[in-house]
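Asks: Quick check, what structure comes out for this input:
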Amino acid sequence: MSLKTAAVVGAGIAGIASAIRLAVKGYQVTVFEANGYAGGKLSNFELKGYRFDAGPSLFTMPHLVEELFQLAGKNPTDYFEYIQLEETCRYFWDDGTRLTAWSDPARFGTEVEATLGEPAEHLLTHLRDSATKYEITEKLFLHRSLHKLSTWFNADALNGYLNLHKLGIFGTMNAANEQRFQHPKLVQLFNRYATYNGSDPYQTPATMNIIPHLEYNIGTFFPKEGMIGITNSLVRLAEDLGVRFHFNTAVREIMSRKGQVTGLKIAPGHSPTSESEVQADLVVSNMDVVNTFRKLLPHARQPERILRQPKSSSGLIFYWGIRKTFPELKLHNIFFSNNYRAEFDHLFHRQDLFDDPTIYLNITSKHKSDDSPPGGENWFLLINAPNNTGQDWDALITKTRQNIIRKLSHVLGHDIAPLIECEAILDPRTIELRTSSSQGALYGNSSNNRFAAFLRHPNFSKEFKNLYFVGGSVHPGGGIPLCLLSAKIATDLV
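Replies: Numbers count the residues shown, from 1 in each chain. Purely as a prediction, here's the structure:
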């Protein structure tokens, strides 16, 4: 008896995880990726002796990665190693205030009290509340499809109903944080977690205060090979399970007949003249759901209400090789804007970049010394940016680059400009081009309203019984942990 076959569109982290889970279920799996590399946003590149992780730089919930090896009967450490971080992040403000967010909540509370005068108990209460939100929502929202009736009639659902008042659905993240904390800098610090799913803390519901739980109560980690180590280890596992990867192979269409998908039309080398067909018993799309429907399923029913939802923010990234080391910086660093509300107003209402942006600076050479030449550092600088609606990005990039250099030079007390040995830039246009993300949005639909969770596409097709969807544009959302969970939810439905 021949094996059932599965075709996966896209080798992003959710596509790879789906391929692994389907292979464990006994499917013969083939993954088709338009780019020449795996990982999607979770990839890397080198420039003049500096190595850069191209996209996601924060690693939380490593058990979701390890689970894939365990499902396959493998020892995770044979493929993938990581360390737990003592520090979560270092925070900097223009007035000279500096704050280290320790991974240990008690130590962080002591630091907050000493630096900002905010009682440590306020912080610890906030983190306990974050843990409570997570415990209520995890099994109900993160591990199950919201679009199946069985999700809403079980013990986990009942627990959710009984504790709905604890989730902060009807207030904003900022309002909840202002009520919790006395010091505006601590409000700003916890408001920033809205950006983890591309949202605005002044609009997104306080339910999103679940996010700090992942960093402080579970922990932050660093893969020993850098973030690319996640991708490389999972590709290796998939190949060991018999999964086949075809890179530089664009999918042109998801074929269907009588309520079922039948396979894919592909174009190796992106050549329309060499288009061919691949038959499959089921298809999983890791492509952005908007482009999956618009480009690959043009004749299917289009779920317009979901596809036309406002998109999340995007990002503007500068990759700089710096010919100097800065002992005051660590792996994760944040340089805050002096007017956070104005920054988000520019981002979501004006579709523009604020002149005083908050800067996220990631330096993997702090833990992996060969990521930069001796005496240097590999700087990954991320600015939250609006999604692509046709802005003059070249002008915005030029202006923002100057603003970043000015801000960092002021806070660090050293002129940064002459230290930049090499540079690469990733903006919403190139994000859209490389990852097929609609409008270059990093997290699919925006989460700026209380019903956002229900405005993401389900992990299955309502029209085709053997078509599934994974990745950051569908349930449960964007970011590495949620993308991995989308693969779990989708393949559990198979």
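
Asks: In the chain, which helix is the longest?
Replies: helix 393-412 (DSSP state H).

Asks: Now it - C-alpha only, PDB.
Replies: Extracted in PDB, the C-alpha atoms of helix 393-412 (Å, rounded to 0.1, in the frame of the first residue of the first chain):
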ATOM      1  CA  TRP A 393      10.400  54.200   1.700                       C
ATOM      2  CA  ASP A 394      13.600  55.500   0.300                       C
ATOM      3  CA  ALA A 395      13.100  58.900   1.900                       C
ATOM      4  CA  LEU A 396      11.800  57.300   5.200                       C
ATOM      5  CA  ILE A 397      14.900  55.000   5.400                       C
ATOM      6  CA  THR A 398      17.300  57.900   4.800                       C
ATOM      7  CA  LYS A 399      15.600  60.100   7.500                       C
ATOM      8  CA  THR A 400      15.200  57.200  10.000                       C
ATOM      9  CA  ARG A 401      18.900  56.100   9.600                       C
ATOM     10  CA  GLN A 402      20.000  59.600  10.600                       C
ATOM     11  CA  ASN A 403      17.600  59.600  13.600                       C
ATOM     12  CA  ILE A 404      18.900  56.300  14.800                       C
ATOM     13  CA  ILE A 405      22.500  57.400  14.600                       C
ATOM     14  CA  ARG A 406      21.700  60.600  16.400                       C
ATOM     15  CA  LYS A 407      19.800  58.800  19.200                       C
ATOM     16  CA  LEU A 408      22.300  56.000  19.700                       C
ATOM     17  CA  SER A 409      25.200  58.400  19.600                       C
ATOM     18  CA  HIS A 410      23.600  60.600  22.300                       C
ATOM     19  CA  VAL A 411      22.700  57.700  24.700                       C
ATOM     20  CA  LEU A 412      26.000  55.800  24.200                       C
END
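
Asks: for that helix, which positions count as buried?
Replies: Residues of helix 393-412 classed as buried by neighbour count (16 or more other Cβ atoms under 10 Å): 393, 396-397, 400-401, 403-405, 407-408, 411. Bear in mind the C-beta positions are built from the backbone N, C-alpha and C, glycine included.

Asks: got a list of contacts for it?
Replies: 92-94, 316, 318, 326, 328, 335, 352-353, 355-357, 359, 361, 381, 383, 385, 415-417, 425, 427-429 (Cβ atoms under 8 Å, 6 or more residues apart in numbering).

Asks: lowest-confidence helix or strand of this structure?
Replies: helix 155-162 (a mean of 66; mean pLDDT, DSSP states H and E).

Asks: which parts of the following helix or strand past that helix are buried?
Replies: Once helix 155-162 ends, the next helix or strand along the chain (criterion: DSSP states H and E) is helix 173-180. Neighbour-count burial for helix 173-180 flags 173-177, 180 (criterion: 16+ other Cβ under 10 Å).

Asks: any idea whether the closest residue to P62 other than its chain neighbours is helix, strand or coil?
Replies: Ranked by Cβ to Cβ, 6 or more residues apart in numbering and with sequence neighbours excluded, the top spatial neighbour of P62 is F221, at 5.3 Å. Here F221 is recorded as strand under DSSP: H, G, I helix; E, B strand; the rest coil.

Asks: So how do I select the buried members of the contacts of helix 393-412 in PyMOL?
Replies: The PyMOL selection below is limited to those of the contacts of helix 393-412 classed as buried (16+ other Cβ under 10 Å):
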select buried, resi 92+93+316+318+326+335+353+355+356+357+359+361+381+383+385+416+427+428+429
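
Asks: Okay, now the unreliable bits of the stretch 201-350 of the chain?
Replies: The model of the stretch 201-350 of the chain has pLDDT under 70 over residues 270-273.

Asks: tell me the strands in it, going along the chain?
Replies: Ranges of strands within the stretch 201-350 of the chain are 220-223, 244-246, 249-257, 260-268, 276-279, 282-285, 314-322, 332-335, based on DSSP state E, counting those that start in this stretch.

Asks: Could I get the buried residue list for the fifth one?
Replies: Of the residues in strand 276-279, V278 count as buried by neighbour count, 16+ other Cβ under 10 Å.

Asks: From one end of stretch 59-73 to the other, what's the distance?
Replies: 23 Å (Cα to Cα, to the nearest Å).

Asks: List the neighbours of it that are in contact with it.
Replies: By Cβ under 8 Å, 6+ apart, stretch 59-73 touches 17, 20-21, 23-24, 75-76, 78-80, 82, 214-215, 218-223, 227, 230, 233-234, 237, 240-241, 480-481, 484-485.

Asks: Narrow those to just the buried residues.
Replies: 17, 20-21, 23, 76, 79-80, 82, 214-215, 218-223, 227, 230, 233-234, 237, 241, 480-481, 484-485.

Asks: from the buried residues of helix 393-412, which is closest to F245?
Replies: W393 (32.1 Å; Cβ to Cβ).

Asks: Do me a favour and average the pLDDT over the longest helix of the chain.
Replies: Helix 393-412 comes out with an average pLDDT of 98.

Asks: cool, stretch 175-194 as well?
Replies: 97.

Asks: Just the CA coordinates for that stretch, please, in PDB.
Replies: Only the C-alpha atoms of stretch 175-194 are listed here, as PDB (Å, rounded to 0.1, in the frame of the first residue of the first chain):
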ATOM      1  CA  ALA A 175      -4.900  51.500  30.500                       C
ATOM      2  CA  ALA A 176      -4.200  48.300  32.400                       C
ATOM      3  CA  ASN A 177      -0.500  49.200  32.700                       C
ATOM      4  CA  GLU A 178      -1.200  52.700  33.800                       C
ATOM      5  CA  GLN A 179      -3.500  51.400  36.500                       C
ATOM      6  CA  ARG A 180      -0.900  48.900  37.700                       C
ATOM      7  CA  PHE A 181       2.300  51.000  37.700                       C
ATOM      8  CA  GLN A 182       3.100  54.500  39.100                       C
ATOM      9  CA  HIS A 183       6.200  55.200  37.000                       C
ATOM     10  CA  PRO A 184       5.600  56.100  33.300                       C
ATOM     11  CA  LYS A 185       8.800  54.400  32.300                       C
ATOM     12  CA  LEU A 186       7.600  51.100  33.600                       C
ATOM     13  CA  VAL A 187       4.300  51.600  31.800                       C
ATOM     14  CA  GLN A 188       6.200  52.200  28.600                       C
ATOM     15  CA  LEU A 189       8.300  49.100  29.200                       C
ATOM     16  CA  PHE A 190       5.300  46.800  29.500                       C
ATOM     17  CA  ASN A 191       3.400  48.600  26.700                       C
ATOM     18  CA  ARG A 192       6.100  47.600  24.300                       C
ATOM     19  CA  TYR A 193       4.900  44.000  24.400                       C
ATOM     20  CA  ALA A 194       2.100  45.000  22.100                       C
END
